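**Q** Provided below for reference: sequence and predicted model.
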Amino acid sequence: MTPQEIRPRPSHKPRPWVDLLVSIIIPSVILMKLSGDEYLGSVMALVIGLAFPLGWGLFELVRYRKYNFIAVLGVISVGLTGGIGLMELDAGWLAIKEAAVPAVIGIAVLISTRTRYPLVKTLLYNPTVLDVEKIQAVLKERGSEAEFESRLLKASYFFSLTFLFSSIMNFVLAKWIVTSASGTQAFNEELGRMTLVSYPMIAIPSMIMMIAIFYYLWRSIRRLTGYTLEEVMAPHLAAKHENSESSDSGSSRQDP
């Protein structure tokens, strides 16, 4: 076996600010500032805008074997909104598209509650985040499994509400910001502006809601099992947490 074959794959470190810059901010600026005929034009601005999230997503997939959610989101967002402009569809279709995507996801969350694999379990209550086996063992011992499943169902409903919020806000923003005829430079500029505004007005509140749902889930685990968060973290996360604490304590001992 050659050295190249045995060389370990580089570890993937999340870089949310780089993700946002490459996948959202740069494409938005290109659509807003460079889509005029004196610069790139509508078609070329869309193509180059798409190249950034697409290229970044492919790079992360090839190098780390990881799907970059923000890059995928950037491709879908820039591609669909830009495509509406290129096909010169009525701007009203943009508002419908912006509202439809999160609405469909929210409906999928609700439907998943009737299956064996609710999306809340897949995203939050899974072995990569929590020590599920340890939690389930104590729940079974205390006879609290049914109550915990009820709380998971409530978390799923809360989760679907975040997408309802996103759907409504997307529709309102699209109607408010994008008012020019599709296929024009003004339309492209408004698309880029809408994409930028959507993050502080939609993405950040949605993220806060997600954190609140996780807190609700953790509080439920705490009440039903008596474990602290550190005690139910997934083993690999707990190991990282312990290593971080030990390194911090070691550095503090070395300080004069």
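**A** Looks like it came in fine.
**Q** avg pLDDT for stretch 161-172?
**A** For stretch 161-172, mean pLDDT is 87.
**Q** Then stretch 99-113?
**A** Stretch 99-113 shows a mean pLDDT of 80.
**Q** which helices and strands sit right next to the helix or strand where residue 149 lies?
**A** With secondary structure defined by DSSP states H and E, residue 149 is part of helix 145-177. When contacts are defined as 3 or more Cβ pairs under 8 Å, 6 or more residues apart in numbering; DSSP states H and E, helix 145-177 sits against helix 92-112, helix 119-123, helix 132-142, helix 185-198, helix 204-225. C-beta here means a position set from N, CA and C on the backbone, and glycine is covered the same way.
**Q** Kindly calculate the angle that the longest one makes with helix 145-177.
**A** When you say that, I think you mean helix 204-225. Orientation check (axes from the mean of the first three to the mean of the last three Cα atoms, to 10 degrees): helix 204-225 against helix 145-177 gives 170 degrees.
**Q** which residues are contacting helix 204-225?
**A** The set of residues that contact helix 204-225 without belonging to it, under Cβ atoms under 8 Å, 6 or more residues apart in numbering, is 120, 124-125, 130, 135, 138-139, 142, 144, 147-148, 151-152, 154-155, 158-159, 161-162, 165-166, 227-229, 232.
**Q** Report the inter-axis angle for that helix versus helix 185-198.
**A** Compare the direction of helix 204-225 with that of helix 185-198 by the same axes, to 10 degrees and you get 30 degrees.
**Q** Phi, psi for residue 131 please.
**A** Torsion angles at residue 131 (phi, psi; degrees, to the nearest 10) stand at phi -80, psi 80.
**Q** Tell me the pLDDT of it.
**A** pLDDT, read off for residue 131, is 81.
**Q** Can you give me the distance of the closest residue to it other than its chain neighbours to residue 152?
**A** Nearest non-adjacent residue to residue 131, counting by Cβ to Cβ, 6 or more residues apart in numbering: residue 232, 5.2 Å away. Separation of residue 232 from residue 152 (Cβ to Cβ, to the nearest Å): 15 Å.
**Q** Residue 121 against residue 149, yeah?
**A** No. Counting by Cβ atoms under 8 Å, residue 121 stays clear of residue 149, with 9.9 Å between them.
**Q** check contacts around the residue nearest to residue 131.
**A** Counted by Cβ under 8 Å, 6+ apart, residue 232 has contacts 130-131, 134-135, 221, 225.
**Q** State the distance from it to residue 178.
**A** Residue 232 is 45 Å from residue 178, by Cβ to Cβ.
**Q** try residue 148
**A** Counting by Cβ to Cβ, the gap from residue 148 to residue 178 is 44 Å.
**Q** Ok, residue 112 next?
**A** Counting by Cβ to Cβ - residue 112 and residue 178 are separated by 32 Å.
**Q** pLDDT weak spots in the stretch 51-200 of the chain?
**A** Within the stretch 51-200 of the chain, the stretches with pLDDT under 70 are 66-83, 85-86, 117, 122-123, 183, 188, 199.
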